[in-house]
Every structure is written in structure tokens, then in C-alpha cells.
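Visitor: structure for this input, please:
(one chain, ligands or ions: 1)
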Amino acid sequence: MSHKVIAFHYKLTDVSGATLDQSEANEPLAFMTGVGQIIPGLESVLVSMLKGDKRRVEVEAKDAYGERDLGRILNVKRNQLPEGDVKVGDMFHGPNGEVVTVTAVSIDSVTLDANHPLAGQKLIFDVEIDTVREATKEEVAHGHAHGADGQHQH
Ligand code: ZN
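Guide: All right, here's what the predicted structure looks like:
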């Protein structure tokens, strides 16, 4: 299977128009196709675009970070968490490396949500293709892109 590396600039907004994320001016985001490096609803559009193309891509939650799963929301006793102040919006890594967000705090319990922070949201990307090239052997072996030019060290 042949893989391409696509580098693109993007601005990500939610349905209200609020900016959630964007690429740096001189640093497009590079990804390798066919390995699930970016959300499927965006990859499926980017692979059909050419260098210099600009487009708005709307991705439904199910093709982005998935629907919110109520089974991933958990109430725990305060004393089950490390000492210290816990407040709504705090994020930390759970036991399986997932990002957990504190969504409610009461006197003796804390609500934790292990859904991706963007789960359940339709996402709107304004994208512009910077470069498209074949993936290098090294990138294919690693399963990810090494930057727009393939030279990124890590
Ligand atoms: Zn690598």
C-alpha cells in the first residue's frame, strides 16, 4: 500500500464559529495517509485535494472524535484523587493514557469525563494544502509523517 504525506494549514472552529485550534503560520501539520493519524472525516477529503487547494471541511462528530460515551463519565470520591485543589476544567492523564477532564466538583466527589474533549462535536476545518509527497521508507516503517519535508527528527 502506498502512503502519501500531506502537509496542510488549518483553522478549526466549532459550530458557533469559535476557534478551537489552528496551525502555526509557517508550520503546516503533516500526516501520513492510511494510518489513522488524523480524524477519518478530514483525511477522506484531504486525500482528494492538491497543493494550494483551499476548502472548508465540515466533519460530523461520528467522523471526528466520536459521540460522547456516557460510560466514560465517572464519579469518584475526592479522597480517591491525589491531594490538592481540583477544579472544573482540570485535565490529567488517566491510567490508560487517556485525557480525563474534571467536569464537576462537589464537597466529597468529583466527576471525571474520559471522552475526548471534542467528542460529540461537529468540527469545521478551513484547510489549505501546503505540500503533497510520497512517504519515505522511514516514515512508512514508523507509521507516521516526519514533517512537511520528511526531515523532522524525533
Ligand atoms: Zn518516526
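
Visitor: which other helices and strands contact the host helix or strand of Ala7?
Guide: Assigned by DSSP states H and E, Ala7 falls within strand 4-13. Contact here means 3 or more CB pairs under 8 Å, 6 or more residues apart in numbering; DSSP states H and E; on that basis strand 4-13 packs against strand 19-22, strand 29-32, strand 123-134. To be clear about C-beta, it is placed using only N, CA and C from the backbone, and glycine gets the same treatment.

Visitor: the last one versus strand 4-13: what angle between them?
Guide: Just to be clear, that refers to strand 123-134. On the basis of axes from the mean of the first three to the mean of the last three CA atoms, to 10 degrees, strand 123-134 is oriented at 160 degrees to strand 4-13.

Visitor: and strand 123-134, which strands flank it?
Guide: If you go by DSSP bridges, strand 123-134 pairs up with strand 4-13 (antiparallel), strand 54-59 (antiparallel).

Visitor: gap between the strand holding Ala7 and the chain center?
Guide: Put simply, strand 4-13 sits 12 Å off its chain's centre (CA atoms, centre = their mean, to the nearest Å).

Visitor: could the strands paired with strand 123-134 go into JSON lines alongside mean neighbour count and distance to Gly97?
Guide: Output for these, formatted as JSON lines (neighbours: other CB atoms under 10 Å; distance: least, CB to CB, whole Å):
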{"stretch": "strand 4-13", "mean neighbour count": "20", "distance to Gly97": "23"}
{"stretch": "strand 54-59", "mean neighbour count": "15", "distance to Gly97": "24"}
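
Visitor: okay, those strands in CSV with distance to His146 and mean pLDDT next?
Guide: Converted to CSV, those look like this (distance: least, CB to CB, whole Å; pLDDT from 0 to 100):
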stretch, distance to His146, mean pLDDT
strand 4-13, 8, 98
strand 54-59, 24, 98
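
Visitor: domain boundaries for the protein, per the record?
Guide: Domains of the chain are assigned by automatic domain parsing as 4-65+119-142, 70-113.

Visitor: what residues does stretch 101-120 touch?
Guide: Around stretch 101-120, the neighbours that count as contacts under CB atoms under 8 Å, 6 or more residues apart in numbering are 20, 61, 64-69, 72-78, 81, 86-91, 94, 98-100.

Visitor: flag every buried residue along that stretch.
Guide: Residues of stretch 101-120 classed as buried: Thr101, Val102, Val105, Val110, Leu112, Asp113, Ala114, Asn115, His116, Leu118, Ala119 (neighbour count, 16 or more other CB atoms under 10 Å).
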